[in-house]
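Peer 1: Following is a predicted model, sequence given first.
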Amino acid sequence: MIKAPWTTAQIENLRKRQAEPTLHSYTCDDCGNDLYPTEQGWECYTDGCNYTQDWAHTSDVTGEFQSLVDFRKHLDSKIDASLEGI
């Protein structure tokens, strides 16, 4: 786990991670909507909701999550290819 404050590069990694459709996004504990990364941590931008969170998983902050997503997609393509003849 890495706590905020986050650098510009770390925020960009978290934005990419939030946009990855194969992963569950970081969500607000109060209203359930997606959180947005800022220098000071995650923020909920829903009107009237002031929820914040100051941590994210290390692989998400560093961008390592992308290699896991790529590996998963690779495995999925291998499985799909092996099932084509069935």
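Peer 2: All right, it came through fine. Numbering: from 1, shown residues only.
Peer 1: What does the pLDDT read for the residue nearest to D54 when sequence neighbours are not counted?
Peer 2: Excluding its sequence neighbours, the residue lying closest to D54 (CB to CB, 6 or more residues apart in numbering) is G41, at 3.9 Å. Any C-beta I mention is one placed from the backbone N, CA and C, and that applies to glycine too. As predicted, G41 sits at a pLDDT of 98.
Peer 1: which residues does I11 contact?
Peer 2: Contact analysis of I11 by CB atoms under 8 Å, 6 or more residues apart in numbering lists 37-39.
Peer 1: What of C31?
Peer 2: Each residue near C31 by CB under 8 Å, 6+ apart is listed here: 44, 46, 49, 51.
Peer 1: can you do 10 Å?
Peer 2: 44, 46-49, 51 (CB atoms under 10 Å, 6 or more residues apart in numbering).
Peer 1: Can you flag the buried ones in these?
Peer 2: Buried subset of the contacts of C31 (neighbour count, 16 or more other CB atoms under 10 Å): 44, 51.
Peer 1: For the chain, which segments count as strands?
Peer 2: For the chain, the strands defined by DSSP state E occupy 2-3, 35-38, 41-44, 52-53, 55-56.
Peer 1: Just checking: what are the partner strands of the first one?
Peer 2: Meaning strand 2-3. Strand 2-3 pairs in its sheet with strand 55-56 (antiparallel), by DSSP bridges.
Peer 1: The partner strand - what's its average pLDDT?
Peer 2: Taken as a whole, strand 55-56 has a mean pLDDT of 98.
Peer 1: Please apply the same query to stretch 17-30.
Peer 2: 92.
Peer 1: then it to PDB, C-alphas only?
Peer 2: This file holds the C-alpha atoms of stretch 17-30, laid out as PDB (Å, rounded to 0.1, in the frame of the first residue of the first chain):
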ATOM      1  CA  ARG A  17      -5.900   1.800 -13.600                       C
ATOM      2  CA  GLN A  18      -9.400   3.300 -12.900                       C
ATOM      3  CA  ALA A  19     -10.100   3.200 -16.700                       C
ATOM      4  CA  GLU A  20      -9.100  -0.500 -17.000                       C
ATOM      5  CA  PRO A  21     -12.400  -2.300 -17.700                       C
ATOM      6  CA  THR A  22     -11.200  -5.700 -16.500                       C
ATOM      7  CA  LEU A  23     -10.500  -4.400 -12.900                       C
ATOM      8  CA  HIS A  24     -12.900  -3.200 -10.300                       C
ATOM      9  CA  SER A  25     -12.300   0.500  -9.800                       C
ATOM     10  CA  TYR A  26     -11.700   2.200  -6.500                       C
ATOM     11  CA  THR A  27     -15.100   3.400  -5.300                       C
ATOM     12  CA  CYS A  28     -16.500   5.600  -2.600                       C
ATOM     13  CA  ASP A  29     -17.400   3.900   0.700                       C
ATOM     14  CA  ASP A  30     -20.300   6.400   1.100                       C
END
